[in-house]
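*Asks:* 3D model of this:
(one chain, ligands or ions: 1)
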Amino acid sequence: MSTKSNSYKALESWLGTGLLISNGNLWHQRRKAITPTFHFKILESFVPIFYKCGIILVNCLKEKVGKVPFDITPYMSNCALDVVAETAMGTEVKAQTNPHDEYPKSVLRMTKLLADKMYNPYWNLLEPIYTLLGKKKEETDLLKLLSTFPLELLKRKENEKNNHPSSRENGENKNIAFLELLVRIKETKNPAFKSEQDIKDEVVTFMFEGHDTSSMALVYTFWLLGLHSEIQEALFQEVSQTLVGKIPSMEDYHKMDLLNRVLKESLRLYSPVPLVSRMITEEIVLPGSGYRLPAGTQVVVSMYSLHRRADLFPEPEKFNPDRFLEPIKHPFAYVPFAAGPRNCIGQKFVMLELKVIVSLVVLNFEIHSSNKNLKLTRDILLRCLNGPNVSLTLRK
Ligand code: HEM
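*Replies:* Here you go, the predicted structure:
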């Protein structure tokens, strides 16, 4: 009934045949092959990585305790980059302790450039102007840098494997990175992965989808908690009662109901992916309104607007995690991870990552937000132009 709309073609130069933008049979084969790599056993093996990166984040944030309010975005970006590099590539980039500024900054610039194209239906025709304005060259330079980084990591991983060949031999999925799982799929002659390039495209997609989205989700969640001290306090109580004095397990994170609702509410108000778009492949008539959408129609679904509909979410602007104590009013009312066959394959991964990191920060600090309002801007992701700035107090 629908496929990805033409606007996604703007991402092709970067993400190649990766899952996010591929269509038809290739997408189907890839999705089928990749789905088992998000099995809960594999996610469980990532918890220590999330935890380690969260502890490093806490240590970095300690330097800010008692100081003037600061922008939390680079801290979250570096933490999310550490997580995604180790889970996707099995390699530590140490972005938090040795900030690898170039990659996150280039991702930011690239998503802005590509968003200009994605939201302009005539961008194909405007290509000469794009070239004249120097944007084409900028895109090519950024592309080089953005694919060099994962390739460098791929090489480093290859060297590590050659130096420690035993790490592959026991056949278990313990702490095996996404990259390694894809290499194994390719070795089984799966038609979804015929070449190294196919693997690279998926790893780049994973790095893109898994880095910036998680980073923005953390930013908005901490800002909201910093504005709502009573909810932050209740969350601190829940986290400290569940986690203190033990090495947390995946089950512990699933048990924390308020933590889950806080994250869901943050993703409702500030969905890092603010909209998706599709092309209708067969005519449909919308139930209720009776509007007819002919085949070929490009449809945009704005999560930002949908999640603010007062008939679906009373007092929609209010940060109220308790609204998720009630069932959602419509199966498609709440879609931060989209819905249907092209929904987010990484949603369980990211919810677990967010739970581990948010609980560690809340356990260690009281967060106070200085901005009462955010100046939002939309490129491919929902971004914030004014911080947000927070100050921190160390919890005893
Ligand atoms: C809070 C964080 C995240 C949000 C809000 C989010 C949201 C979404 C949304 C809305 C889509 C549909 C996109 C579209 O159709 O245009 C999507 C697709 C996708 N996401 Fe996520 N995502 C997040 C994190 C992740 C992570 C961590 C990964 C990887 C580990 C990931 C991997 C993917 C992939 C590969 C697709 C394409 C799936 C397909 O088309 O079959 N995402 N995500």
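*Asks:* what about the residue in the stretch 251-396 of the chain positioned nearest to the ligand, how many residues close to it?
*Replies:* Distances between the stretch 251-396 of the chain and the ligand by Cβ to the nearest ligand atom are smallest at residue 346, namely 2.3 Å. (Glycine included, C-beta is placed from N, CA and C.) Residues lying near residue 346 (other Cβ atoms under 10 Å) number 22.
*Asks:* repeat for residue 98
*Replies:* The local packing of residue 98 (other Cβ under 10 Å) involves 9 other residues.
*Asks:* Please report the distance of it from the ligand.
*Replies:* 23 Å (Cβ to the nearest ligand atom, to the nearest Å).
*Asks:* i'd like the first residue to be 66 from this point on
*Replies:* With the count now opening at 66, the last piece we talked about shows up as residue 163.
*Asks:* what secondary structure does that residue sit in?
*Replies:* At residue 163, secondary structure determined by DSSP: H, G, I helix; E, B strand; the rest coil is coil.
*Asks:* which phi and psi does it have?
*Replies:* Main-chain dihedrals, residue 163, degrees, to the nearest 10: phi -140, psi 70.
*Asks:* which parts of this protein sit against the ligand?
*Replies:* With Cβ under 6 Å from any ligand atom as the criterion, the chain meets the ligand at residues 84-85, 96, 270-271, 274-275, 278-279, 282, 336-338, 341, 401-403, 407, 409-411, 414-415.
*Asks:* Now go through the residues you listed and say which are in helices.
*Replies:* Mapping the residues of the chain next to the ligand onto helices (DSSP state H) picks out 96, 270-271, 274-275, 278-279, 282, 414-415.
*Asks:* now, the most widely separated pair of those residues?
*Replies:* Greatest spatial distance among those (Cβ to Cβ): 96 and 282, at 22.8 Å.
*Asks:* Neighbour count: those two, which is higher?
*Replies:* The residue with more neighbours, out of residue 96 and residue 282, is residue 282; 28 against 15, by other Cβ under 10 Å.
*Asks:* Helices along the chain, start to end?
*Replies:* Assigned by DSSP H, the chain shows helices spanning 77-80, 89-99, 105-127, 138-154, 167-183, 192-197, 200-228, 243-252, 261-292, 294-308, 315-320, 322-334, 368-371, 412-429.
*Asks:* would JSON lines of those helices with mean pLDDT be doable?
*Replies:* Listed next are these as JSON lines, based on pLDDT from 0 to 100:
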{"stretch": "helix 77-80", "mean pLDDT": "89"}
{"stretch": "helix 89-99", "mean pLDDT": "95"}
{"stretch": "helix 105-127", "mean pLDDT": "96"}
{"stretch": "helix 138-154", "mean pLDDT": "92"}
{"stretch": "helix 167-183", "mean pLDDT": "81"}
{"stretch": "helix 192-197", "mean pLDDT": "86"}
{"stretch": "helix 200-228", "mean pLDDT": "80"}
{"stretch": "helix 243-252", "mean pLDDT": "88"}
{"stretch": "helix 261-292", "mean pLDDT": "93"}
{"stretch": "helix 294-308", "mean pLDDT": "97"}
{"stretch": "helix 315-320", "mean pLDDT": "95"}
{"stretch": "helix 322-334", "mean pLDDT": "98"}
{"stretch": "helix 368-371", "mean pLDDT": "97"}
{"stretch": "helix 412-429", "mean pLDDT": "97"}
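*Asks:* To residue 349, which of those lies closest?
*Replies:* Within the helices of the chain, the stretch nearest residue 349 is helix 368-371; the backing value is 18.0 Å (Cβ to Cβ).
*Asks:* List the buried residues for that closest one?
*Replies:* 368-369, 371 (16 or more other Cβ atoms under 10 Å).
*Asks:* Same question for stretch 206-214.
*Replies:* Buried residues in stretch 206-214 (16+ other Cβ under 10 Å): 207, 211-212, 214.
*Asks:* got it, and stretch 179-186?
*Replies:* Neighbour-count burial for stretch 179-186 flags 179-180, 182-184 (criterion: 16+ other Cβ under 10 Å).
*Asks:* quick one: which two of those are the most distant?
*Replies:* Spanning the widest gap among those are 179 and 184, at 9.7 Å by Cβ to Cβ.
*Asks:* Excluding chain neighbours, what is closest to the residue nearest the centre of the chain?
*Replies:* Among the residues of the chain, the one closest to the centroid is residue 278, at 2.8 Å (Cα atoms, centre = their mean). Of all residues not flanking residue 278 in the chain, residue 337 sits nearest, at 4.4 Å (Cβ to Cβ, 6 or more residues apart in numbering).
*Asks:* Closest one to residue 194 out of the buried residues of helix 368-371, please.
*Replies:* residue 369 (29.0 Å).
*Asks:* What residues does that closest one make contact with?
*Replies:* The neighbours of residue 369, taking Cβ atoms under 8 Å, 6 or more residues apart in numbering as the test, are 336, 339-340, 443, 447.
*Asks:* what separates it from residue 296, distance-wise?
*Replies:* Distance, residue 369 to residue 296, using Cβ to Cβ, to the nearest Å: 22 Å.
*Asks:* Equivalent analysis for residue 440, please.
*Replies:* Distance of residue 440 to residue 296, computed by Cβ to Cβ: 23 Å.
*Asks:* Many thanks, we can stop here.
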